[in-house]
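**Student:** pasting the structure only:
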């Protein structure tokens, strides 16, 4: 059983077998223990922010709604694991947070469930722009608008981090254990690293183990990974 807030980083030069070691050493053992091993990989510098984490969460969601759900099916007449997780997600999340999760984690749509028919989700950034539009003609108004949009952007990121952490708490507390593997972190973006840091420091996500791998010869002192 994995404890709260655990993460390790595996480094080495290209071709030294980091990914194979993690897949076979952790992936195979996780499966034997009834845990889920989910994998996401950064693709050079062509990826979009959070893409590797999103891919890992898609892999996790597919395990829950597919193969894992069949293996963990409960007695007849009682809901499956995926149904219980979905119901808990929908009962604990507001529509706006659900939409944010759908945007960040599009591959988790089946696990998150159907959209609300009365959805109205203005973003914080859009609200700030609307409130300050009347002042945009003046220099002072322009400064206010820029500051408010920057603050709204930080608030939106903070809310996204919180929503992802809440989602992981629900999922991980319903399973024996989850291993999330993010490969090729030498190509990571700041958004991915900030989110991973937020998850690790949360302190309340049970049975979650995060593994990252990177090429040490491609991480200079100014690299975002060096500051995390």
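**Tutor:** Alright, I've got the coordinates. Not measured: the values here are computed from a predicted model.
**Student:** Not including adjacent chain positions, what is the nearest residue to residue 215?
**Tutor:** residue 186 (4.7 Å; Cβ to Cβ, 6 or more residues apart in numbering). No exception for glycine: its C-beta is placed from N, CA and C like everyone else's.
**Student:** Could you pull up the residues touching that neighbour?
**Tutor:** Applying Cβ atoms under 8 Å, 6 or more residues apart in numbering to residue 186 gives the contacts 42, 214-215, 218-219, 223, 225.
**Student:** Closest one of those residues to residue 63?
**Tutor:** Nearest to residue 63 among those, counting by Cβ to Cβ, is residue 42 at 20.9 Å.
**Student:** give the contact list for the closest one.
**Tutor:** Taking Cβ under 8 Å, 6+ apart, one finds 51-52, 182-188, 192 in contact with residue 42.
**Student:** Closest to residue 158 out of the residues you listed?
**Tutor:** Taking these together and measuring to residue 158 by Cβ to Cβ, the closest member is residue 192, at 15.8 Å.
**Student:** Just confirm residue 211 contacts residue 23, I think it does.
**Tutor:** No - at 10.1 Å, residue 211 does not count as touching residue 23 under the criterion of Cβ atoms under 8 Å.
**Student:** how about low-confidence regions in the protein?
**Tutor:** Low-confidence segments of the chain (pLDDT under 70): 1-5, 45-47, 67-78, 116-152, 226-228.
**Student:** where along it do the helices fall?
**Tutor:** Applying DSSP state H to the chain gives helices spanning 18-22, 28-32, 51-65, 67-71, 81-92, 95-104, 109-112, 124-132, 139-173, 190-202.
**Student:** ranking these by burial, who's on top?
**Tutor:** When the helices of the chain are scored by mean count of other Cβ atoms under 10 Å, the highest mean neighbour count falls to helix 51-65 (a mean of 22).
**Student:** So which elements touch it?
**Tutor:** strand 36-41, helix 81-92, helix 109-112, strand 178-183, helix 190-202 (3 or more Cβ pairs under 8 Å, 6 or more residues apart in numbering; DSSP states H and E).
**Student:** neighbour-wise, which of residue 211 and residue 23 wins?
**Tutor:** Higher neighbour count among residue 211 and residue 23: residue 211, with 21 against 14, using other Cβ atoms under 10 Å.
**Student:** The closest residue to that one other than its chain neighbours: how many residues sit nearby?
**Tutor:** Using Cβ to Cβ, 6+ apart and skipping the chain neighbours, the partner closest in space to residue 211 is residue 181 (4.7 Å). Using other Cβ under 10 Å, residue 181 has 24 other residues around it.
**Student:** Distance-wise, check residue 217 relative to residue 189.
**Tutor:** Going from residue 217 to residue 189 by Cβ to Cβ, to the nearest Å gives 20 Å.
**Student:** With neighbour numbers in mind, choose between these two.
**Tutor:** Using other Cβ under 10 Å as the criterion, residue 217 and residue 189 rank with residue 189 on top: 18 against 11.
**Student:** Now do the more buried one against residue 48, distance only.
**Tutor:** Where residue 48 is concerned, residue 189 sits at a distance of 8 Å (Cβ to Cβ).
**Student:** go on, residue 162?
**Tutor:** Between residue 162 and residue 48 the computed distance is 21 Å (Cβ to Cβ).
**Student:** And residue 202, by the same measure?
**Tutor:** Counting by Cβ to Cβ - residue 202 and residue 48 are separated by 24 Å.
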